[in-house]
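Undergrad: starting from these lines, generate the structure:
(chains A, B, C and D)
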Protein chains: 4
Amino acid sequence: MIGIGVVGYGYWGPNLARVVGETDGCRLAAIADASPAAEARAAKRHPSTAITSDWRALVARADVDAVVVATPVHTHFDIALEALRAGKHVLVEKPITQTARQAEILIDEAARRGLALMVDHTFVYTPEVQKIKSIVESGEAGEIFYYDSTRINLGMFQSDVNVIWDLAVHDLAILDSLFGLTPLAVSASGAGHILGSPENLAHVTIFFEGAMTAHLNVNWLAPVKVRQTFITGSQKMIVYDDLQPSEKVKVYDRGVTSDGEQDDAYQRRVSYRIGDMWAPHVPIREALRTEFDHFRDCILTGSTPLTDGRSGLAVVRMLESATLSMRQRGHPIDLELGKVA
Amino acid sequence: MIGIGVVGYGYWGPNLARVVGETDGCRLAAIADASPAAEARAAKRHPSTAITSDWRALVARADVDAVVVATPVHTHFDIALEALRAGKHVLVEKPITQTARQAEILIDEAARRGLALMVDHTFVYTPEVQKIKSIVESGEAGEIFYYDSTRINLGMFQSDVNVIWDLAVHDLAILDSLFGLTPLAVSASGAGHILGSPENLAHVTIFFEGAMTAHLNVNWLAPVKVRQTFITGSQKMIVYDDLQPSEKVKVYDRGVTSDGEQDDAYQRRVSYRIGDMWAPHVPIREALRTEFDHFRDCILTGSTPLTDGRSGLAVVRMLESATLSMRQRGHPIDLELGKVA
Amino acid sequence: MIGIGVVGYGYWGPNLARVVGETDGCRLAAIADASPAAEARAAKRHPSTAITSDWRALVARADVDAVVVATPVHTHFDIALEALRAGKHVLVEKPITQTARQAEILIDEAARRGLALMVDHTFVYTPEVQKIKSIVESGEAGEIFYYDSTRINLGMFQSDVNVIWDLAVHDLAILDSLFGLTPLAVSASGAGHILGSPENLAHVTIFFEGAMTAHLNVNWLAPVKVRQTFITGSQKMIVYDDLQPSEKVKVYDRGVTSDGEQDDAYQRRVSYRIGDMWAPHVPIREALRTEFDHFRDCILTGSTPLTDGRSGLAVVRMLESATLSMRQRGHPIDLELGKVA
Amino acid sequence: MIGIGVVGYGYWGPNLARVVGETDGCRLAAIADASPAAEARAAKRHPSTAITSDWRALVARADVDAVVVATPVHTHFDIALEALRAGKHVLVEKPITQTARQAEILIDEAARRGLALMVDHTFVYTPEVQKIKSIVESGEAGEIFYYDSTRINLGMFQSDVNVIWDLAVHDLAILDSLFGLTPLAVSASGAGHILGSPENLAHVTIFFEGAMTAHLNVNWLAPVKVRQTFITGSQKMIVYDDLQPSEKVKVYDRGVTSDGEQDDAYQRRVSYRIGDMWAPHVPIREALRTEFDHFRDCILTGSTPLTDGRSGLAVVRMLESATLSMRQRGHPIDLELGKVA
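TA: Prediction:
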């Protein structure tokens, strides 16, 4: 039985604590939160779990084998590092850290000690993204041309992070899972409309090898909620609409091909393919449960998590670079030098 | 009775010719198209109109008071210039010309001769855009924060112009009509996926005075058709969905305000306003008919068209700058120097 | 070349006349309409066609081999009968006649003379209904359980026929095409809300052999337009939504099966099947063109039209019986006696 | 503090027990369920509540002032009657009883003892239905012409009740709340497609005074879920779509009027009004919480519940009559005699 401690019992922590209790082979050993109100809520829902206001005390407990970090981003690094140093496996809320440098340190520490370091990139574990991943990896969609996502709503304005760190992080995690996140460059633009708040809307374009691009439209100040992603390849076009009650993933047999000839001086000879649409049945399963099963298996077998430290680092690098470009009105940031280093 | 000659009877020309015939005070005097097949089609539908293969002959006709130019973009300049020099009023298909310099010459020529020079920015004359314009100009929507448009489908690939020139042109025309198109800078990214064809997808961000931005998502290679625009102000949020069978324009009484205080170190004090939604009835009227009534009135009264040469020039400048930025992966193009010049 | 005369140039007649001209092997010989305005419109659009105010003159013309009847329903019988007696093939707008007895007379007349008698049940010729027909007839959908259609909008109130005759007629024609329209009984309810007008809303249930039922919801007084039909079988469930811009036909691999056992006293043991959804590509083709190709072929080969007089009669019988039931608040009308007779 | 006992901890009981605990002035005193598994679940979630397998023991407790009945329908009558006889207020799950006669006995018993008898017609307490009620009662919608509801999905087949008792019950409760449920007649049709199961689809038409009708389309065997209701009056048309994420209630300023004159022999002179659409903001509140606040207030003040025994009886009478008509293929059931009795 793996003993698990959850640090942070605010917005997301209660979900994590609940799922620990629902995961075979895991036991919710302790919860830590500095807020007395949060402690009280935790105690009420988990009467047989140790509750503490001191995360260091939680990390030090002998019955805690793994630590789940669900605190504000600026505290991730200290807590995760101390947990690793205490020999505990670690699962951190996204984004893994505030800076790429911090993520690198955590990765090294985990590697040196042979501990699991995993990031809670929840979307990667949804049945829908897993279905899309299987379609993309099977080659059925052909060469991927672009990923274009809209993730907007009238949302929770935050004062410590901009909208890229809050919303684009989901798409970056999905991109890393589907394709590996080693792009050539990024260009972003954005704006803040509430005095003294960080940017509340942004558009991010990511340039990959070949002609593949990704574009992320994120916005806290939209009248309606949209969660829609297009993933277009040479053979199939996928639409993933997370707000549909069913048929969230649709696969269109549509496309364009050119034989390289010209029809005339002004029109290239292009032919269109318009075939069937297919919405595969995707079984309903809570992503967090799949994720915790995977975390447990990685601890038991020593295998590398799907969303490991490297994945968390890749995402944070993109968040940093996109923010940098956004502050310069879209000036492209070259990411290849980084790859070499 | 104003005699009107239509040059170009390909894809759009037949609509223009038909509407000339439906416009009070106008008479379809002549049609010119170099293609024998187009000539034959024109002759069949307009048996009492003069048909010619030579646009110069049409321009020279005494019964032609105004020339409508519906030919490929690269021919607009020559035809329009010769028509103006012959003392004819001119209505040109969008975009007005291939280069900003050409548009400037046409504007000068029309001004010197006191002739109407109008661009067929059709969307500006739709009842929906006119309703949005009245809402924006009344101040009801408050300070405008952003315009964000998605205009994608599996579309007609063109080999002479990229997708910005083909699709973003509509949004630029609408932006000019709503706000005046004098932005500070533009950043664009895009990609081409068909060998030898120009870019088939692009994202364009335009930076205006204050914090206002516009973003245009245009794409010829999307599985489904989307025509959706968000126009968000401090008091109201407008959604314009051109594919809805009715209620194309929706006005949401939603927004966010901040009193500038912090809730705590990490959360700004923000309050949300979520009120009613309202879909004003918009009477159905063909945009082209409204546009031709306006063209006739401008000819008769000497007033300046809503979509005049200046408007056409502003749009072409943006098309040029956005393309330039797109070829440099989003490198922002400063547009203020241009304004001074 | 088959010479075709169109009687009636009001709402639907111009479409029929246009399609005659677009049908290979057919020639629009003459148009008749008693209204001078309609005559003028016809003359303008069809300058080389004979125009007359007298349908009897049209029927008598030697260059008219077939007569298309697009006049008000109460005139169908006289015109069609005289055309058949003059040896002309006949295509009549739906519904074929005002009474079943009239339809029987036309059927007899056409049969005796070996002439084609066809009804313009347009929906039967849409690519969507033809696709559904091929799915149903292949057995892929299994045993059909029900057909349930909603056909409502804020519509054209008519004063001579009720909403069943105006709208349910489409579903009855589709039902006849898909399954043959020989039901056991019908029950209908309805109401009229505009003083002196016939019923503007109705619900019609049709009972077939086995457990199959059909239900038609028709309404002229609805705030939004709906055209949606569910066709559910033991193996597949089909949704046909005619207002979707694409994917009008969707096939769901869903259903329920019972092994006849009880789980307990109150719950039957039922298992649910929830599989993929599939939207077959349906090529775009105007139904009227398919219909006129078929009419021409029937004339040339002597084969029986898909929507022949018998089909028209079956539909009129249902319209009569449904109206009768509606006037008695749903009192069921037994249709089996009629079958025997 | 009102002590409340909940009988039945199966599908719906846990929600009721939770909401009791969230209602000011109420205390969850006891839970009864004959199933050991249900008892165990109840004990885990409500550690400080008395749990028993014997509902009679619960009813007899001194600290139970009111009994909530959430057991299968056939047990409602016995439990509710014994609770009333023991001097307890009663809230019963819908439908109140299996027969109208049973409901009458409960009503008499509650009246004689001055106890609150309320039915859990949950939908009546949703913010959406309350908003619609305020619009209808204000007269803003004018004279109501019809209520037309579609409530279908691939659903939970039940073996003891047909689909009318399971789904139409919701609309009947809403109808009673909006208009009072004293119709003139009912006609229903339906069918069962799973051997040995009750009817899984039904269409019910209800005839009211004047020309008002209601129609309910209920179905357990549909490929997609629909929850859509049209309520059309002479001045406004309301669409209530419960599956929309927001704007569930839309009010259309549309309609038709006739001045009673004829345009000609075949067309009544009718004019159409097509105005704005308006979606009032409806605050989000759980219906059960509103309902329990109301139950508590009725107990404390002695006022009559909105969904009282009379309402429960009216609904059961309709369920009985609709089922009776359905078994006779729509034969209308006259309800006026019942009213006199």
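Undergrad: and A:Gln130, how many residues sit next to it?
TA: 17 (other CB atoms under 10 Å in any protein chain shown). Bear in mind the C-beta positions are built from the backbone N, C-alpha and C, glycine included.
Undergrad: how about the contacts made by the residue of the stretch 51-200 of chain A found nearest chain B?
TA: Ranking the residues of the stretch 51-200 of chain A by distance to chain B (CB to the nearest CB) places A:Ser187 first, at 2.7 Å. Under the criterion of CB atoms under 8 Å, 6 or more residues apart in numbering or on different chains, the contact list for A:Ser187 reads A:204-205, A:207, A:325, A:330-333, B:187, B:189, B:329-331.
Undergrad: apply 7 Å and report the result again.
TA: In this structure, A:Ser187 makes contact with A:205, A:325, A:330, A:332, B:187, B:189, B:329-330, judged by CB atoms under 7 Å, 6 or more residues apart in numbering or on different chains.
Undergrad: A:Ala141 too?
TA: Going by CB under 7 Å, 6+ apart, the list of residues near A:Ala141 reads A:135, A:233, A:235-236, A:238.
Undergrad: at 6 Å instead, please
TA: With CB atoms under 6 Å, 6 or more residues apart in numbering or on different chains as the criterion, the residues that contact A:Ala141 are A:135, A:233, A:235-236.
Undergrad: what helix or strand is A:Tyr147 on?
TA: According to DSSP states H and E, A:Tyr147 maps onto strand A:144-154.
Undergrad: tell me, how many residues neighbour A:Leu81?
TA: 17.
Undergrad: give the buried residues for the helix or strand where it lies.
TA: Taking DSSP H and E as the criterion, the element that holds A:Leu81 is helix A:73-85. With burial defined by 16 or more other CB atoms under 10 Å in any protein chain shown, the residues of helix A:73-85 counted as buried are A:73, A:75-77, A:79-84.
Undergrad: count of neighbours near A:Gly210?
TA: A:Gly210 is surrounded by 12 other residues when neighbours are defined as other CB under 10 Å.
Undergrad: returning to that earlier point: what mean pLDDT does the strand holding A:Tyr147 have?
TA: Rounded to a whole number, the mean pLDDT of strand A:144-154 is 97.
Undergrad: who's in contact with that strand?
TA: Counting contacts by CB under 6 Å, 6+ apart, the residues outside strand A:144-154 that touch it are A:167, A:171, A:212-219, A:222, A:225-233, B:193, B:254.
Undergrad: figure out how far that strand is from the centre of its chain.
TA: Strand A:144-154 sits 14 Å away from the centroid of its parent chain (CA atoms, centre = their mean, to the nearest Å).
Undergrad: same question for stretch A:6-13.
TA: Its chain's C-alpha centre lies 18 Å from the corresponding centre of stretch A:6-13 when counted by CA atoms, centre = their mean.
Undergrad: mind telling me what element A:Ser197 is part of?
TA: Here A:Ser197 sits in a region with no helix or strand, counting by DSSP H and E.
Undergrad: pLDDT value on it, please?
TA: You'll see A:Ser197 listed with a pLDDT of 84.
Undergrad: and what of A:Gln244?
TA: So A:Gln244 comes in at 93 (pLDDT).
Undergrad: same question, the one 3 residues further on
TA: The per-residue pLDDT reported for A:Glu247 equals 95.
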